[in-house]
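J.: starting from these lines, generate the structure:
(4 chains)
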Number of protein chains: 4
Amino acid sequence: MAGNTFGSIFKLTTFGESHGPALGGVVDGCPAGIALNEAAIQTELDKRRPGQGGLAVTARNEPDRIRLLSGVFEGRTTGTSIGFAIENTDQRSRDYGEIKDVFRPGHGDMTYEAKYGLRDYRGGGRSSGRETVSRVAGGAVAGAFLEPLGITVRAAAVELGGIAAESLDIKGAEHRQFFAADDNAVLRWQELVKKVAAQSDTLGGIVEIRAQGVPAGLGEPVFDKLDARLAAALMSVGAVKGIEIGSGFAASRMRGSENNDAMLDTGFASNNAGGILAGISSGQEIVLRAAIKPIPSIALDQHTRDRFGAARTIRVGGRHDICAIPRVVPVLSAMVRLVLADMVLLQRRMGGGT
Amino acid sequence: MAGNTFGSIFKLTTFGESHGPALGGVVDGCPAGIALNEAAIQTELDKRRPGQGGLAVTARNEPDRIRLLSGVFEGRTTGTSIGFAIENTDQRSRDYGEIKDVFRPGHGDMTYEAKYGLRDYRGGGRSSGRETVSRVAGGAVAGAFLEPLGITVRAAAVELGGIAAESLDIKGAEHRQFFAADDNAVLRWQELVKKVAAQSDTLGGIVEIRAQGVPAGLGEPVFDKLDARLAAALMSVGAVKGIEIGSGFAASRMRGSENNDAMLDTGFASNNAGGILAGISSGQEIVLRAAIKPIPSIALDQHTRDRFGAARTIRVGGRHDICAIPRVVPVLSAMVRLVLADMVLLQRRMGGGT
Amino acid sequence: MAGNTFGSIFKLTTFGESHGPALGGVVDGCPAGIALNEAAIQTELDKRRPGQGGLAVTARNEPDRIRLLSGVFEGRTTGTSIGFAIENTDQRSRDYGEIKDVFRPGHGDMTYEAKYGLRDYRGGGRSSGRETVSRVAGGAVAGAFLEPLGITVRAAAVELGGIAAESLDIKGAEHRQFFAADDNAVLRWQELVKKVAAQSDTLGGIVEIRAQGVPAGLGEPVFDKLDARLAAALMSVGAVKGIEIGSGFAASRMRGSENNDAMLDTGFASNNAGGILAGISSGQEIVLRAAIKPIPSIALDQHTRDRFGAARTIRVGGRHDICAIPRVVPVLSAMVRLVLADMVLLQRRMGGGT
Amino acid sequence: MAGNTFGSIFKLTTFGESHGPALGGVVDGCPAGIALNEAAIQTELDKRRPGQGGLAVTARNEPDRIRLLSGVFEGRTTGTSIGFAIENTDQRSRDYGEIKDVFRPGHGDMTYEAKYGLRDYRGGGRSSGRETVSRVAGGAVAGAFLEPLGITVRAAAVELGGIAAESLDIKGAEHRQFFAADDNAVLRWQELVKKVAAQSDTLGGIVEIRAQGVPAGLGEPVFDKLDARLAAALMSVGAVKGIEIGSGFAASRMRGSENNDAMLDTGFASNNAGGILAGISSGQEIVLRAAIKPIPSIALDQHTRDRFGAARTIRVGGRHDICAIPRVVPVLSAMVRLVLADMVLLQRRMGGGT
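T.: This is a model prediction of the structure:
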């Protein structure tokens, strides 16, 4: 209700601030008997670490060691709630003097203050991108549930700073810098990042997420359509400002005869629907895109105001990325996995008959 | 859980099929003492009626009379659940022979069959756009709650069949054909609709929704961000394939220094954020866009298959619109109202102190 | 959230006041393919009607005709939401003058006024026992789901006005006056009811509910234990003031060696647990008891106060029962069916492995 | 959904097994600005520790140190989720050989196995009473929220092994052995406990919980009545088999004229209702009783069966209490606090007008 729980049956509840003692969460509703251990979760967490996306990295060194606290016994889930924690080991004592009172443009400083009347200003507190570490851990548990069902989720950066990749090799993306969709993009993006970093500015981009092996029948009519759930999942990630399913905005410019996906003996002739018809999966690949805004922390003077309403100028220094893309890619995959795990469990009880 | 309830505190639960006895719903969580009567809801329902959007209309004549069944006493809500129903008066007995077994491309026929093992094939059953009548009724109740708080939601069609309106006069849109964003668009869209109708084809478009008077502080961190809730709300409407908040996909191509909204003495200098920072409203106007796919029912031959797996050709006749735009506009407004009513009530209890 | 929805997967949302246009509800989450029609629901509603419990009846004549509005097609559930309504046909126009301002002792008049600042005073509005008609209808849908699974729920009055039945023939109770647990009780209770009616006073009693065929494994650890859900279900019925599971309060006076149910080759040796161990069904019969308070509407002078704080005397006339027992019995059965349907669906996805 | 979350707005999600690495939880929905620190929570945890209830104690030495992981900044809640953990420091490596395969009578061994197909058999895993440590911690956070509102919850043992206390001094109970309702009871219970311990048997009892300062208007009509929520809260505690509100089962034997609480100038003349009318608090003291079954772990031979269906005899040794009473008292108080915090927040938005 207060926003820290995601999902309806396969549920993830998270906690933790950028500079508090620890982050973590509870996965509730994971069926019993699923093979799970810390190493599998750690692998996903490591993808989110700085350096994975290459050059445009944060200077902050976060080991992010997962610790499973419950719900797993002899290497298998027991059906009870799975608690986990990641200690904040790199809480450098520093002076937050200015940020304490001045609202950083593009950040949640002003809105958290408006909402709560107070805020943990250290590193953005709960509004820091650091909270996504718990999403990735929860998504890894979802992945452990989905894997034996043959459902796989992958993501790649398809555009960065307005430069689009020319092709989509989503399997290869996992090992490419920026999780880039193709090799050519990597070089062009490296160049752009270097240039923009020198200008003390930042960049956005577009991520494509695809889910394969999703059976037909997932999604609940009307309000909990699979695409509605996915849209909420992706949009809940801080940097996301737009979502597309299948042909997305392009669909709005097609004729019905173009956009409809004909069904042939061999299956669907196209996938403008992105694998979802009337909110329910069709058995085709699920295709999603998310628009990522440029990181708002820039070391350039910006006009803003402080908590007391006075005009101020701020220049946000510190350990910051040039582009959220590499770090957000595993987070978006995690969110899609969480949705699919939930929808599989929801469907498990709604099929025909008793 | 099974998808027919929307919201967490201000909740709408709906029911009804295209050709069943009645559609309706229950609004639960509306505070006591709100002025409400059938006429106010009827006004919203009438906007959704064919003919409101002008030329591109359905031939189906649906009076859609709202009947309030509970929760209102002497013109005010009592705090208890508000039941309502809209009878299906125009259920012409007809032959559904072909649709019964053959899956219409772009529709939920195939996915409902996969999900449930059976389906109410008459007019699409629950997957028919007809279900949105209950959304509009529920949204009208939300509107009655929001109005005394000074929160207003408006929507306009800003693009149809790839032709964009040149300006946005959202107040005027209410009385314009297609709920068009400006006068010039109307003529150009009329022409296009006429042409495409003659080709037995259909069109999509883009709708912009704006909410004014939204106080700073609405939205819950992490998973129930205001933008995440809004994205789910809009994406839950059948025809929607893409969502943008504020500058949306364009933000992904901006630099941080361009995209950040500076705060001046006079307020924000721009609104790329669309009124939402870190998932919480900033007090600026909320700006949303939804991409609407072309209507999949076309009177042209299409390749498909039937329930038994055999290849078939289908031509979907009957009473169908050329474009969902005019009818979907009041539905999208209704969804945004439902989200805002819910978020206002959520915020009412999270503010500072006890 | 505002209290008009019950259940987590198999969900019932209800609406309706004693003297409003109609009562009804929505069942969401009922799987597809379940045989269901209005007649089966009507049978349950008829059990709740005055006269079923015999002499101690209300003078109010309520036909209570169920009307299914959606979710059923060709005699089977479709998996979509099931709307239903029951018109209030007997809304005699009358003068509520006194009740409008004076709080009836033992009723919700004072608390509704405190909660909402206004109330629908006609017949108690939403706080009237009349709302239970929607519970019985929803419970009948749950029953249609449970029946093919071999799960049956029965209830009987085991005590009335302090006079206990001597034996429990729960199958026979359905056709006995007061839904009495045995024949002897009927005569003694008739006599008592007659006597107390002559004194313008009212009576309470105890109902026992039993569920057979419940498989082992229903119930969720910690907070959603099967007994916790059942306790909430029964206690949510207006007249209930106490709940027991299995040996109940008597268990608190036993030694561990007495209360533990040994497991023999032939099954459990006893059932002090009432079929629930650690919140999860054991496969034994589920055994519950509910204490029903005497009806608070009595035609005797009582001290009270009015909305304005002034001392008043009230004598509640009108069409009232002597004892809630006969009418509450089918309501309690309905609530238990709703819980079990929900728990069956919850369990369907938590079993071993994927 | 899977049972590890309690509450709707003020929500507690817990995790942890008897012998896993740690127990803990997340409180979500606690308003911002509430004074909170580890010491206040520790005080409540210490009440639950063995030795608090006096003689009838567990031999297990659990320091149970609370560690707050998030959601508190500079001594005040921030409105974000509050994570906490309690390490399991006393996990003596031992041989669980017999318990691994043999079901202990009166325990959840058999039902967990039936539900999940596997179980963490070490000390009962999730079904161990040890999980209540997280409830007490969550309840302490609720208490910190309720305290400035003037709402206090207290509990006392009113009966143990069938011996009732003669009076109720609920404030004094906090410092009395067994949390006994009066001084006389202590001596009689000590004697009984000694005797029963010598017989290797165990005892149950009855706890009364009272809440003062609860304003009129808490509780939601129909399904989320305050008494329904309280009944679920108490019944969710493992050892509870019966619940009473106000006069409880005794009400079922009263006449309406006796049971109704008259309203005088000076307030209510009696409190048979237990402070709740039509499911909504009346402003009177809330009065609840819970029946506690005897602890099922007894060092006497009992007939049972093993996982493979074979007849077995078991004698449960180890570190076990004679009576759950002293340890369960702070748990029941915690549960009532959690319900009240939730209901206060629910009510905060339903009052008259916008």
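J.: okay, now A:Ala35: neighbour count?
T.: Counted with other CB atoms under 10 Å in any protein chain shown, residues neighbouring A:Ala35 total 15. Yep, even glycine has a C-beta here, placed from its N, CA and C like the rest.
J.: wait, doesn't it sit right on A:Ala144?
T.: Yes. Counting by CB atoms under 8 Å, A:Ala35 touches A:Ala144, with 6.5 Å between them.
J.: pLDDT of stretch A:78-88, averaged?
T.: Mean pLDDT, computed over stretch A:78-88, is 97.
J.: any residue of it up close to chain C?
T.: Yes. For stretch A:78-88, a contact with chain C is found by CB under 8 Å from any CB of the partner chain, at A:79-81.
J.: and the worst-scoring helix or strand of chain A on mean pLDDT, which residues are buried?
T.: Between all helices and strands in chain A, the lowest mean by mean pLDDT, DSSP states H and E belongs to helix A:97-101, at a mean of 82. By 16 or more other CB atoms under 10 Å in any protein chain shown, the buried positions in helix A:97-101 come out as A:99, A:101.
J.: then stretch A:197-204?
T.: Buried-residue list, stretch A:197-204, by 16+ other CB under 10 Å: A:197, A:200-204.
J.: and A:Thr43, what helix or strand is that in?
T.: Using DSSP states H and E, A:Thr43 sits within helix A:38-48.
J.: what are the phi and psi angles of A:Thr14?
T.: When read as degrees, to the nearest 10, the backbone of A:Thr14 gives phi -120, psi 160.
J.: residue of the stretch 151-300 of chain A with the smallest distance to chain D?
T.: Closest to chain D within the stretch 151-300 of chain A is A:Asp224: 13.6 Å, counting by CB to the nearest CB.
J.: returning to that earlier point: quick one: the next helix or strand after the least confident helix or strand of chain A near chain B?
T.: Going down the chain from helix A:97-101, the next helix or strand is helix A:109-116, by DSSP H and E. Yes. Applying CB under 8 Å from any CB, one finds helix A:109-116 touching chain B at A:110-112, A:114-116.
J.: now the terminal residues of stretch A:310-323, how far apart.
T.: 30 Å (CA to CA, to the nearest Å).
J.: how far does that stretch sit from its chain's centre?
T.: 23 Å (CA atoms, centre = their mean, to the nearest Å).
J.: look up phi and psi at the closest residue to chain D within the stretch 251-354 of chain A.
T.: Using CB to the nearest CB, A:Leu345 is the residue of the stretch 251-354 of chain A that sits closest to chain D, at 9.0 Å. A:Leu345 adopts backbone torsions of phi -70, psi -40, taken as degrees, to the nearest 10.
J.: need the contact list for it.
T.: Contact analysis of A:Leu345 by CB atoms under 8 Å, 6 or more residues apart in numbering or on different chains lists A:9-10, A:29, A:31, C:349.
J.: so which of those is the closest to chain B?
T.: Closest to chain B, out of all of the contacts of A:Leu345 and judged by CB to the nearest CB, is A:Ile9, at 7.5 Å.
J.: nearest spatial neighbour of the closest one, skipping sequence neighbours?
T.: A:Leu345 (4.3 Å; CB to CB, 6 or more residues apart in numbering or on different chains).
J.: for A:Leu218, see how far away that neighbour is.
T.: 10 Å (CB to CB, to the nearest Å).
J.: now swap in A:Gln42 and tell me
T.: 28 Å.
J.: which one's more surrounded, these two?
T.: Higher neighbour count among A:Gln42 and A:Leu218: A:Leu218, with 29 against 14, using other CB under 10 Å.
J.: residues in contact with that one?
T.: A:226, A:280-281, A:340, A:343-344, A:346-347, B:115.
J.: restricted to strands, list these.
T.: Mapping those onto strands (DSSP state E) picks out A:280-281.
J.: now, which of the contacts of A:Leu218 sits nearest chain C?
T.: Closest to chain C out of the contacts of A:Leu218 is B:Lys115 (6.9 Å), distances taken as CB to the nearest CB.
J.: hang on, the closest one packs against A:Gly279?
T.: No. Using CB under 8 Å, B:Lys115 makes no contact with A:Gly279, being 9.9 Å away.
J.: now the common contact residues for these two.
T.: A:Gly219.
J.: tell me where the stretch 51-200 of chain A has helices.
T.: For the stretch 51-200 of chain A, helices defined by DSSP state H, counting those that start in this stretch occupy the ranges A:97-101, A:109-116, A:132-146, A:170-173, A:183-198.
J.: any residue of the second one touching chain D?
T.: Yes. Helix A:109-116 reaches chain D (CB under 8 Å from any CB) through A:115-116.
J.: ignoring the adjacent residues along the chain, who's closest to the closest residue to chain B within the stretch 151-300 of chain A?
T.: Closest contact between the stretch 151-300 of chain A and chain B, by CB to the nearest CB, is at A:Ala278 (2.4 Å). With sequence-adjacent residues excluded and distances taken as CB to CB, 6+ apart, A:Ala278 is closest to B:Gly108, at 2.4 Å.
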